[in-house]
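Q: the sequence and its predicted three-dimensional model are supplied below.
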Amino acid sequence: MSGLDTRVDYHPEVSKRFSRDVETHQMSVLHDDGLYRHLRFSKPNTGIGWFSIITTPGQLTIFGDMGTYVFSRLTDMFEFFTGNGYVNAGYWGEKLQAVDTHGGYREHSEDTYRSWVIQHFWDRREQYEPEVAAEIWADIRDSLFDDYGDRTTKVACMETLDRFRSHDFRYRDTWDNDWTEYSYHYLWCCHAILWAIQQYNASKLVAP
């Protein structure tokens, strides 16, 4: 089947992986009655990467190998997801009614945490003499980015930041920070929805 067509790609790594995952998928139309649809996409003879999309007026559900997500916005949800011509993960997420218990919607990101720690120091570095700033940065690398520290959860990161001291530099008011990003499963499913609608619409154009 043809690949995902978007005006702009904000999630290139997920997009590439998704395209590889579905390159041999086939579509089965299990139900197609106006706004009541049930589409299934899968590789022949395997359940890897399969997913189904069900629509009713005002609601779309995607479920399968990458999780389950339920969205609600417009009467025809196909119109909602194709309105922008790209995967609008943030706006679509605002319309979520149910989120997969395993794949999730947003998840803690060590990369986001690292970027925040670095930016926080960078914004304050000029308050110190160059030699002192260099020492603080060295302490940050040794204490916050060491190979054995636990940065897998927000709580673990918070505990590490609370203990950190270098000269008079410390991290304050850190609980209000959001070190999360969209989960891979959620983004994969967003790509799957837009792609599935494109395949469905294309099949209508060639139908006898």
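A: Looks like it arrived, so ask away. All of these numbers come straight from a predicted model, not from anything done at the bench.
Q: and for Asp21, the neighbour number?
A: Neighbours of Asp21 under the rule other C-beta atoms under 10 Å: 18. Placement of C-beta: from N, CA and C, glycine included.
Q: run a quick neighbour tally on the nearest residue to it once chain neighbours are set aside.
A: Nearest in space to Asp21, with sequence neighbours left out and distances taken as C-beta to C-beta, 6 or more residues apart in numbering, is Gly49 at 4.5 Å. For Gly49, the neighbour count with other C-beta under 10 Å is 20.
Q: and Gly67, what does it touch?
A: The neighbours of Gly67, taking C-beta atoms under 8 Å, 6 or more residues apart in numbering as the test, are Asp100, His102, Gly103, His185, Tyr186, Cys189.
Q: give me the neighbour count for the fourth one.
A: For His185, the number of neighbouring residues by other C-beta under 10 Å comes to 21.
Q: per-residue confidence for it?
A: At His185, the model reports a pLDDT of 96.
Q: for the second one, same thing?
A: In this model, His102 is scored at 86, pLDDT.
Q: any idea how far Tyr186 is from it?
A: Distance check for His102 against Tyr186: by C-beta to C-beta, to the nearest Å, it reads 11 Å.
Q: packing partners for the host helix or strand of Ala138?
A: Ala138 belongs to helix 130-144 when assigned by DSSP states H and E. In terms of contacts (3 or more C-beta pairs under 8 Å, 6 or more residues apart in numbering; DSSP states H and E), helix 130-144 is packed against helix 110-124, helix 154-163.
Q: hang on, Asp147 in a helix?
A: No - applying DSSP: H, G, I helix; E, B strand; the rest coil, one finds Asp147 to be coil, outside a helix.
Q: for Ala196, see how far away it is.
A: 42 Å.
Q: likewise Trp116?
A: In this view, Trp116 and Ala196 are 35 Å apart by C-beta to C-beta.
Q: how about Tyr182?
A: Separation of Tyr182 from Ala196 (C-beta to C-beta): 19 Å.
Q: more neighbours, those two?
A: Counted by other C-beta under 10 Å, Tyr182 and Ala196 do not tie: Ala196 has more neighbours, with 25 against 20.
Q: which parts of the chain belong to which domain?
A: What automatic domain parsing lists as the domains of the chain is 12-105+183-206, 108-181.
Q: I'd say Phe63 and Phe41 touch.
A: No - if you go by C-beta atoms under 8 Å, Phe63 and Phe41 don't touch, sitting 11.6 Å apart.
Q: circling back: ok, the residue nearest to Asp21 - contacts?
A: Gly49 neighbours (C-beta under 8 Å, 6+ apart): Asp21, Val22, His25, Ser42, Lys43, Gly64, Asp65, Met66.
Q: Gly58 too?
A: Counting by C-beta under 8 Å, 6+ apart, Gly58 makes contact with Ser72, Arg73, Leu74, Thr75, Met77.
Q: show me which of those is closest to Met1.
A: The shortest approach to Met1 among the contacts of Gly58 belongs to Met77, at 21.0 Å (C-beta to C-beta).
Q: center of this structure, which residue is that?
A: Tyr182 (2.9 Å; C-alpha atoms, centre = their mean).
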